[in-house]
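Novice: Dropping the sequence and predicted coords here.
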Amino acid sequence: MAPAADEPISPRSARVAAARRLARRNFRGKERLFLAEGPQAVREAAAHRAAGRATLVELFATGEAAERHAGIVAAARAAGARVHLASDEVIADIATTVTPQGLVGVCRFLDTPFEEILATGPRLVAVLAHVRDPGNAGTVLRCADAAGADAVVLTDASVDVYNPKAVRASVGSLFHLPVAVGVPVEQAVAGLKGAGVRVLAADGAGPDDLDDELDKGSMGGPTAWVFGNEAWGLPQETRALADAVVRVPIHGMAESLNLATAAAVCLYASARAQRASGGCRCVTVS
């Protein structure tokens, strides 16, 4: 267990330079490390373990943040992370936000092999195919977590889930459920179908209506939703892989729904159908 430094770490420290480089994808991939910023993300990282190892390996904290979030710093130390007291200058140098919250963690990659996800017999999965915006990817991951999904799969054509904006947008959900990355969409669909999961492609122009699917009672079984690009949706070859192409009905005059909103509607529709007799837990919306 590493003790906190007596003096703030120097802005010229090699540790600061190494953490700063993790804002770039090529360095994240090389080191298999990523940044988690803010108290919520660091708290979840400190509690997370993968492959028998703690996920959080290093924490930079201002004196003020360390005092305000003493429990998080203690959890980081308990997880074996190196804790550095850092000046505001150092935190601003490492963080990718305009107004950092005084805590930046360095975490190990935590993605799960796709085959391990299939072996668990998942009942609800979100597949992000061709999703390029990191904020959308993180928000869909958060929606999947809230809906009780068993896993999220990002195809090889999608954004890096360890992008700092994606990590922030997940609001800690990245640490809550298995995530597979870099899976070709054909492999993802074939694997899910082979595991007995019905694959639905979400598309605003789909021939099947979500309300009709619910009314038919066809949503209660294991289901994977495939979500496409923010601007142009899913290509025809990807839609052709699915068991059905489903649209969220627009009852008002809105032209369409954005990706994250549509994903939330689809995932919660499946969650409701699957939990029809079991209910769900209530949470406080933040």
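Specialist: Here it is on my side, so go on.
Novice: Neighbours of the nearest residue to Pro122 once chain neighbours are set aside, how many?
Specialist: Excluding the flanking residues, the one nearest Pro122 by CB to CB, 6 or more residues apart in numbering is Asp150, at 3.8 Å. Yep, even glycine has a C-beta here, placed from its N, CA and C like the rest. If you count neighbours by other CB atoms under 10 Å, Asp150 ends up with 18.
Novice: For Asp150, give me its contacts.
Specialist: Residues in contact with Asp150 (CB atoms under 8 Å, 6 or more residues apart in numbering) are 117, 120, 122-125, 177-178.
Novice: Return the distance of Ala76 relative to Gly204.
Specialist: Using CB to CB, to the nearest Å, Ala76 is found at 43 Å from Gly204.
Novice: Those two: who's more crowded?
Specialist: Shown here are Ala76 and Gly204; by other CB under 10 Å, Ala76 has more neighbours (30 against 15).
Novice: Are any of the contacts of Asp150 buried, and if so which?
Specialist: Buried subset of those (neighbour count, 16 or more other CB atoms under 10 Å): 117, 122-125, 177-178.
Novice: Please enumerate the helices of the stretch 1-150 of the chain.
Specialist: Assigned helices in the stretch 1-150 of the chain, in chain order: 14-21, 25-31, 39-47, 63-68, 70-78, 88-94, 114-119, 134-146 (criterion: DSSP state H, counting those that start in this stretch).
Novice: can I get those helices in a markdown table with mean pLDDT and distance to Ser173?
Specialist: A markdown table is the format used below for the helices of the stretch 1-150 of the chain (pLDDT from 0 to 100; distance: least, CB to CB, whole Å):
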| stretch | mean pLDDT | distance to Ser173 |
| --- | --- | --- |
| helix 14-21 | 95 | 23 |
| helix 25-31 | 96 | 19 |
| helix 39-47 | 96 | 8 |
| helix 63-68 | 95 | 22 |
| helix 70-78 | 96 | 17 |
| helix 88-94 | 94 | 22 |
| helix 114-119 | 97 | 16 |
| helix 134-146 | 96 | 4 |
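Novice: between the ones you listed, which gets nearest to Trp225?
Specialist: Trp225 lies closest, by CB to CB, to one member of the helices of the stretch 1-150 of the chain: helix 134-146, at 8.8 Å.
Novice: list the helices and strands the following helix or strand past that closest one packs on?
Specialist: Scanning forward in sequence from helix 134-146 by DSSP states H and E, the next helix or strand is strand 151-155. In terms of contacts (3 or more CB pairs under 8 Å, 6 or more residues apart in numbering; DSSP states H and E), strand 151-155 is packed against helix 114-119, strand 124-128, helix 134-146, strand 179-183, helix 185-194.
Novice: counting contacts, what elements does the last one pack onto?
Specialist: Contacting helix 185-194 under the criterion 3+ CB pairs under 8 Å, 6+ apart are the following elements: helix 114-119, strand 124-128, strand 151-155, strand 198-202, strand 223-227.
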